[in-house]
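>>> model this:
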Amino acid sequence: VQLQASGGGLVQAGDSLRLSCAASERTFGDYNMGWFRQAPGKEREFLAAITWNADRTRYADSVKGRFTISRDNPKKTLFLQMNSLKAEDSAVYYCVAGFSFETISPLVYWGQGTLVTVSS
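Sure thing, here's the model as predicted:
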């Protein structure tokens, strides 16, 4: 599965941004999907996950209540709605696929990242 994230950019603290991740395969609907991010000098951080049929979601504490993950299986697209952005949300954001929802591993498929920069 090839994944391409988009929608990043430069925003101000408190703004909102919606990331998208387009998948190449029509089997997109078979996979659990998620979002990670990595800031310079920091470890990769799990943000959110959604099951293949969108019946369950889970979030990292750092984004719970501010970020919302969703998907459109017919359009083979994953979304991350980010509200109330903070400077510490600045990072490269990646979409991932093919993992166990319970363990968020293994991270089988990774997309190219999209850069989000939040100015304070």
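
>>> Report pLDDT for the closest residue in space to residue 12 that isn't next to it in sequence.
Nearest residue to residue 12 in three dimensions, chain neighbours excluded: residue 119, at 5.4 Å (Cβ to Cβ, 6 or more residues apart in numbering). From N, CA and C alone the C-beta is placed, and that goes for glycine too. If you check residue 119, the pLDDT there is 97.

>>> what number of residues lie near residue 12?
For residue 12, the neighbour count with other Cβ atoms under 10 Å is 10.

>>> so it sits right up against residue 117, yeah?
No: here residue 12 does not reach residue 117: they are 10.0 Å apart, not a contact under Cβ atoms under 8 Å.

>>> So for the chain, the centremost residue is which one?
residue 35 (2.6 Å; Cα atoms, centre = their mean).

>>> Report the set of residues contacting both of residue 12 and residue 117.
Between them, residue 12 and residue 117 share no contacting residue under Cβ atoms under 8 Å, 6 or more residues apart in numbering.

>>> about what we covered before: name whatever forms a beta bridge with the residue nearest to the centre of the chain.
residue 48, residue 95 (DSSP bridges).

>>> Quick check: the gap between the residue nearest to residue 12 and residue 87.
7 Å (Cβ to Cβ, to the nearest Å).

>>> Kindly report the same for residue 56.
Taking Cβ to Cβ, one finds residue 56 at 31 Å from residue 87.

>>> Equivalent analysis for residue 6, please.
From residue 6 to residue 87 the distance is 22 Å (Cβ to Cβ).

>>> Residue 117: neighbouring residues, count only.
14.

>>> Over to residue 55?
Residues near residue 55, counting by other Cβ under 10 Å: 8.

>>> same thing with residue 86?
14.

>>> Equivalent analysis for residue 1, please.
18.

>>> got the phi/psi numbers for residue 119?
Phi and psi for residue 119, reported as degrees, to the nearest 10, are phi -90, psi 140.
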